[in-house]
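> When you get a sec, could you give me coordinates for this:
(one chain, ligands or ions: 1)
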Amino acid sequence: MIDVTLESVSKRFARGGDTAAVDDVDITIAAGEFFTLLGPSGCGKTTTLRMVAGFYFPTSGRIRFGTEDVTRRPPNKRDTGMVFQNYALFPHMSVAQNVAYGLKIRKVGRVEARRRVEEALGQVHLAGYGDRRIDELSGGQQQRVALARALVIRPRTLLLDEPLSNLDAKLREETRVEIRRIQREAGTTSIYVTHDQAEAMAMSDRIAVMQSGRVQQIGAPQEIYHRPATSFVARFIGRSNVLTLPVVAAAAQTVTVGLPAGGEVTAPAPTGHGLRQGDTALVSVRPEHIGLTSATEVGALPGRVTEVEFTGMATNLVVDVAGEPVQVAAIDVPAGIAAGDQVGLRLNRERMWVVRP
Ligand SMILES: Nc1ncnc2c1ncn2[C@@H]1O[C@H](COP(=O)(O)OP(=O)(O)OP(=O)(O)O)[C@@H](O)[C@H]1O
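Below you'll find the predicted structure:
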C-alpha cells in the first residue's frame with residue numbers, strides 16, 4: 001500500500017535565483033516503510049521533508065497521503081509527527097509535559113493523555129522519567145523525549161530531520177538502533193533525513209540519494225551499494241573508484257570495456273545507458289574489490305603506493321596508476337608496505353559495473 005507520494009515535486013525559493021532547491025522529484029513510500037533522503041549539504045533533502053510536513057508548499061507537483069491530495073494542506077492538518085535536529089523541546093516543562101503537548105492541543109482527556117504519555121515514554125525506554133526536567137537529561141535522552149513526543153499522537157507519518165547529528169559517535173550508533181526498533185514496533189511510515197551514508201545504510205528500508213535538488217537513485221541499501229546508478233552515487237555511498245574505460249562493445253544491459261592492463265571485461269550497465277563502441281564508459285569498482293599483488297605479475301595493473309592507512313579491519317591504500325589515484329582496501333597487505341612502493345592491482349571482473357555520469 002502506498003502511503004506517501006511525491007509527484008514531480010519542485011521547489012523554487014524567491015531568493016533562490018534560477019536553481020530549484022528541489023527539482024522534479026518523484027518518490028513513493030509504502031505504508032510502514034523507513035525511507036531515507038540522503039545527500040550532501042544543500043542537496044534539497046530538508047526542503048523535501050518540509051514539503052511533506054507542510055511547512056513549505058511546492059512550486060509545482062503534488063503530494064499525496066494515500067489517495068488524499070495534501071499538497072496545500074497546513075501542517076497541523078496532516079497527521080505527521082516531526083523530530084528535529086535540535087530536539088525543539090520546551091526546556092521549562094517536565095518530560096511528561098513535553099510529551100503530552102500534542103495531546104493537549106488535540107484535546108485528549110487527562111486520564112487518556114497520562115496513559116499514552118507513559119506508554120510513549122516506555123516505548124523510548126524512559127519509563128519513570130516523566131517528572132524530570134529536560135535540562136536534567138543527556139542529549140540522547142532528550143532526543144528520545146522528542147521521539148516520544150512525536151509518536152504519542154500516533155501520527156500517520158513520522159518525519160525525522162537529522163535527529164542524531166547533535167550526539168557523539170557512540171550514542172549516534174546506539175540511538176539509530178533504538179529509533180529503528182521503535183519505528184518497527186509502532187509500524188509508522190517514516191521519512192528520515194541525513195547526510196551520513198553509513199547511518200542511512202544501517203537504518204533504511206530504502207534510500208533516495210539526492211544531489212543538487214534531484215533524485216539520483218532510489219533503492220534498498222544493498223542495491224544502491226552494489227549497483228549505484230551514477231558516478232555521484234558510487235562515490236557518495238561507501239567509496240568507489242570510477243574509471244574511464246574505452247567501450248569495445250555494447251548491449252542493452254551490458255557494456256564490454258577494455259582494461260588498462262589489457263584484456264576486456266563485460267560489466268552490467270544501467271538500462272538506457274546509450275553507450276556505443278568507441279565511446280568511453282564510466283566503470284565503478286569498489287576498493288575492496290581490487291586485489292594487491294606484485295608489480296611484475298602478468299596482467300596486473302602497475303602502480304605506485306602514495307598513501308597507506310591502517311584502520312584495524314583493513315588497510316586503505318591509494319595507488320597512483322598512470323596519474324589516476326585508485327583506492328584499494330585490503331585485508332592482507334605485505335608487512336612494511338609504504339608510500340613509494342611499486343605494486344600491481346587486480347580488478348575483480350565480477351564486481352565492476354557501468355555508471356551514468
Ligand atoms: N528558505 C529558503 N530560501 C532560499 N533558499 C533556500 C531556503 N531553504 C533552503 N534554500 C536553498 O535550497 C537548497 C536546498 O536546501 P536544503 O536545506 O533543502 O538542503 P539540505 O540537503 O537539507 O542541506 P543540509 O544538510 O545542509 O540541511 C540550498 O541551496 C539552500 O540554500
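> Now the element after the helix or strand hosting residue 216, going C-ward?
Assigned by DSSP states H and E, residue 216 belongs to strand 214-219. Counting by DSSP H and E, the next helix or strand C-terminal to strand 214-219 is helix 221-226.
> Distance from that following helix to the middle of the chain?
Between the centre of helix 221-226 and the centre of its chain there are 11 Å (CA atoms, centre = their mean, to the nearest Å).
> can you check stretch 251-266 too?
Taking CA atoms, centre = their mean, one finds the center of stretch 251-266 at 30 Å from the center of the full chain.
> ok, and what's touching it?
243, 245-250, 267-269, 271, 273, 275, 281, 283, 299-302, 321-322, 347, 349, 352, 354 (CB atoms under 8 Å, 6 or more residues apart in numbering). The way it works is simple: take the backbone N, C-alpha and C, and place the C-beta from them, glycine included.
> With stretch 310-318 instead?
Stretch 310-318 is contacted from outside by 287-288, 292, 305-309, 325-331, 333, 337, using CB under 8 Å, 6+ apart.
> Could you check which residue of the stretch 151-300 of the chain lies nearest the ligand?
residue 195 (5.0 Å; CB to the nearest ligand atom).
> Contact partners for that residue?
By CB under 8 Å, 6+ apart, the contact set of residue 195 is 38-41, 45, 162.
> can you tell me which of those are in helices?
residue 45 (DSSP state H).
> The closest residue in space to residue 204 that isn't next to it in sequence: what secondary structure?
Distances taken as CB to CB, 6 or more residues apart in numbering place residue 36 nearest to residue 204, at 4.1 Å, with adjacent residues excluded. Classification of residue 36 using DSSP: H, G, I helix; E, B strand; the rest coil returns strand.
> Quick check: bridge partners of residue 36?
Per DSSP bridges, the residues bridged to residue 36 are residue 192, residue 207.
> Just the buried ones from the contacts of stretch 310-318, in ChimeraX syntax?
Paste this into ChimeraX to select the buried members of the contacts of stretch 310-318, with burial taken from 16 or more other CB atoms under 10 Å:
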select :287,288,292,305,308,326,327,328,329,330,333,337
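> Can you check the pLDDT for the nearest residue to residue 153 once chain neighbours are set aside?
Among residues not flanking residue 153 along the chain, residue 102 sits closest, at 4.2 Å (CB to CB, 6+ apart). If you check residue 102, the pLDDT there is 87.
> Likewise for residue 261?
In this model, residue 261 carries a pLDDT of 79.
> in a helix, that's where it is, yeah?
No - counting by three-state DSSP, residue 261 is not part of a helix but coil.
> what domains does the record give for this structure?
Structurally, the chain divides into domains by automatic domain parsing as follows: 2-231, 239-355.
> most packed of those?
domain 2-231 (a mean of 18; mean count of other CB atoms under 10 Å).
> and that domain, how far apart are its ends?
Distance across domain 2-231, first residue to last, is 30 Å (CA to CA, to the nearest Å).
> That domain: how far from the chain's middle?
Relative to its chain's centre, domain 2-231 lies at 13 Å (CA atoms, centre = their mean).
> The stretch 151-300 of the chain: strands as residue ranges?
157-161, 189-194, 206-211, 214-219, 241-250, 254-258, 264-268, 280-285, 290-294 (DSSP state E, counting those that start in this stretch).
> Let me see the mean pLDDT of the third one.
By that I understand strand 206-211. What strand 206-211 shows for mean pLDDT is 98.
> now it against strand 214-219, angle please.
160 degrees (axes from the mean of the first three to the mean of the last three CA atoms, to 10 degrees).
> which stretches of the chain form helices?
With DSSP H as the criterion, the chain has helices spanning 45-53, 95-105, 110-123, 139-151, 169-186, 197-203, 221-226, 231-236.
> quick check: angle from the fourth one to helix 95-105?
Read it as helix 139-151. 20 degrees.
> between helix 139-151 and strand 189-194, how many degrees?
Using the same axes, to 10 degrees: helix 139-151 against strand 189-194 is 140 degrees.
> Quick one, grab the pLDDT at residue 16.
For residue 16, the predicted pLDDT is 69.
> Repeat that for the one 3 residues further on.
The predicted structure scores residue 19 at 87 on the pLDDT scale.
> Stretch 133-140 spans what distance, first to last residue?
14 Å.
> Pull the residues that contact that stretch.
By CB under 8 Å, 6+ apart, the surrounding residues in contact with stretch 133-140 are 89-91, 93-95, 98, 129, 142, 145, 166-168, 171, 174-175.
> Now flag whichever of those residues is closest to residue 341.
Closest approach between the contacts of stretch 133-140 and residue 341, by CB to CB: residue 168, at 37.1 Å.
> Any residues of the stretch 101-250 of the chain in contact with the ligand? List them.
Residues of the stretch 101-250 of the chain lying close to the ligand (CB under 6 Å from any ligand atom) are residue 195.
> what do you get if the cut-off is 5 Å, keeping everything else the same?
On the criterion CB under 5 Å from any ligand atom, the ligand has no neighbours in the stretch 101-250 of the chain.
> End to end on stretch 294-305, go ahead and measure it.
Stretch 294-305: ends 12 Å apart by CA to CA.
> What of stretch 264-275?
16 Å.
> ok, now stretch 199-208?
By CA to CA, one end of stretch 199-208 lies 13 Å from the other end.
> quick one: pLDDT of residue 251?
We note a pLDDT of 96 for residue 251 in this prediction.
> roughly how far apart are it and residue 273?
Using CB to CB, to the nearest Å, residue 251 is found at 10 Å from residue 273.
> And for residue 173?
For residue 173, the distance to residue 273 - CB to CB - is 38 Å.
> So, low pLDDT: which residues of the protein?
For the chain, the stretches flagged by pLDDT under 70 are 16.
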